[in-house]
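Engineer: Give the three-dimensional model of this entry:
(one chain, ligands or ions: 1)
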Amino acid sequence: MTAMSSAYSASPAHGPHRPAATPHATTEAKIAVIGAGLVGVGVAERLTANAPFLAPGRSIEDVLVDPCPPGPGRVWREEQSPLMRMNSFARDVTLFPGKAVRCEGPARPGPSLAAWARETAAGLLPPVDPRLEGDLRETTPDSFATRRLQGAYLSWFLREVARQAPPGVRVTTRTGRAVALTAGPDGLQRVRLEHGSRLDADAVVLALGHLDARPRGEEADAASFAARHGLTYLPPGLVLQRCLS
Ligand SMILES: Cc1cc2nc3c(=O)[nH]c(=O)nc-3n(C[C@H](O)[C@H](O)[C@H](O)COP(=O)(O)OP(=O)(O)OC[C@H]3O[C@@H](n4cnc5c(N)ncnc54)[C@H](O)[C@@H]3O)c2cc1C
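Structural biologist: Predicted structure coming up:
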């Protein structure tokens, strides 16, 4: 996987209660969020919401790093079967820290997964990939949405966060896996990505989710037994990453 970077577009739109950002900041503060899944995009949301207080007088880049698509990340990728569903009601799923949420910085009210699906199906919000239109229409507040639809909701949420970022704040993404994190002599954090590229940041957030583990004990025995006998052993893991054919 090569490391690529891209910037989300940010419009001048921003919340009315945020202090004005300094327009002529000279040095940009960089915050790297390793892992652009559900928690990573939530962190990016709080970083942009609190940006004027985090680094006054400086512009800020929040860079999300993941080998998987930013937003859906590994779990909620849009290219999985619609048979894979969430285990939460669509009405209970939201990324938005509304007024009822106790957290630092301004609240950001927004639609739950169910409300987003309804408004998107009605053409009030940007459309989803045509392959997800059926998932969209069948989603009600009391249904268990497909995981891939949740991925589309996460993608839209991240785009909204970038679009509503205050002036001087950028949300960018890099495709790649982080393989090392060290402190540089200049006080910066050094993230090394696989294939050798490097990302220097003022601060690093690790939002890695559940990590894979090497088979040990009974799992290792089963794997070597299967290998010896021409069989296939499937260790525990994400179904969408397994070949079950
Ligand atoms: C299959 C599955 C189904 C689930 N279903 C539900 C559900 O229906 N409802 C519910 O409430 N919860 C569910 N969960 C719980 C789930 O853990 C959370 O919903 C959520 O995805 C966790 O978010 P996260 O950001 O911590 O982890 P993830 O969503 O896994 O995101 C972590 C990201 O970090 C990236 N990453 C890891 N290591 C690196 C690295 N070295 N460099 C760069 N990037 C890296 C990964 O690629 C991944 O995209 C489910 C979990 C799984 C695994």
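Engineer: Off-centre distance for stretch 124-138?
Structural biologist: 20 Å (Cα atoms, centre = their mean, to the nearest Å).
Engineer: For the helix ranked longest in the chain, list every residue counted as buried.
Structural biologist: When the chain is parsed with DSSP state H, its longest helix is helix 147-163. With burial defined by 16 or more other Cβ atoms under 10 Å, the residues of helix 147-163 counted as buried are 147-162. Heads up, the C-betas are built off the backbone N, CA and C, glycines and all.
Engineer: what's the farthest-apart pair in the residues you listed?
Structural biologist: Maximum pairwise distance among the buried residues of helix 147-163 (Cβ to Cβ): 23.1 Å, between 147 and 162.
Engineer: near the ligand, which residues of the protein show up?
Structural biologist: Counting by Cβ under 6 Å from any ligand atom, the chain comes close to the ligand at 34-40, 65-68, 73-75, 86-88, 177-178, 207-210, 238.
Engineer: Report the buried members of those.
Structural biologist: 34-40, 65-68, 73-75, 86, 177-178, 207.
Engineer: among the residues of the chain next to the ligand, which are in helices?
Structural biologist: Per DSSP H, the residues of the chain next to the ligand map to helices at 38-40.
Engineer: Do a quick rundown of the helices in this structure.
Structural biologist: Going by DSSP H, the chain shows helices at 38-49, 51-54, 113-121, 133-138, 147-163, 217-228.
Engineer: any chance of those in a markdown table, with mean pLDDT too?
Structural biologist: Formatted as a markdown table, the helices of the chain follow (pLDDT from 0 to 100):
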| stretch | mean pLDDT |
| --- | --- |
| helix 38-49 | 97 |
| helix 51-54 | 86 |
| helix 113-121 | 98 |
| helix 133-138 | 96 |
| helix 147-163 | 98 |
| helix 217-228 | 94 |
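Engineer: among the ones you listed, which is nearest residue 186?
Structural biologist: Per Cβ to Cβ, nearest to residue 186 of those: helix 51-54, 19.9 Å.
Engineer: Buried residues in the closest one, which are they?
Structural biologist: 51-52, 54.
Engineer: ok, of the ones in helices among the residues of the chain next to the ligand, which one's closest to residue 61?
Structural biologist: residue 40 (14.9 Å).
Engineer: what sits against the closest one?
Structural biologist: Neighbouring residues of residue 40 by Cβ atoms under 8 Å, 6 or more residues apart in numbering: 33-34, 64, 66, 70, 73, 205, 207.
Engineer: hmm, try it at 6 Å
Structural biologist: 33, 64, 207 (Cβ atoms under 6 Å, 6 or more residues apart in numbering).
Engineer: Same check on residue 228?
Structural biologist: Counting by Cβ under 6 Å, 6+ apart, residue 228 has no contacts.
Engineer: Quick check: the gap between it and residue 179.
Structural biologist: 32 Å (Cβ to Cβ, to the nearest Å).
Engineer: now swap in residue 229 and tell me
Structural biologist: Distance from residue 229 to residue 179, by Cβ to Cβ: 34 Å.
Engineer: Same drill for the two, tell me which one is more crowded.
Structural biologist: Using other Cβ atoms under 10 Å as the criterion, residue 229 and residue 179 rank with residue 179 on top: 11 against 8.
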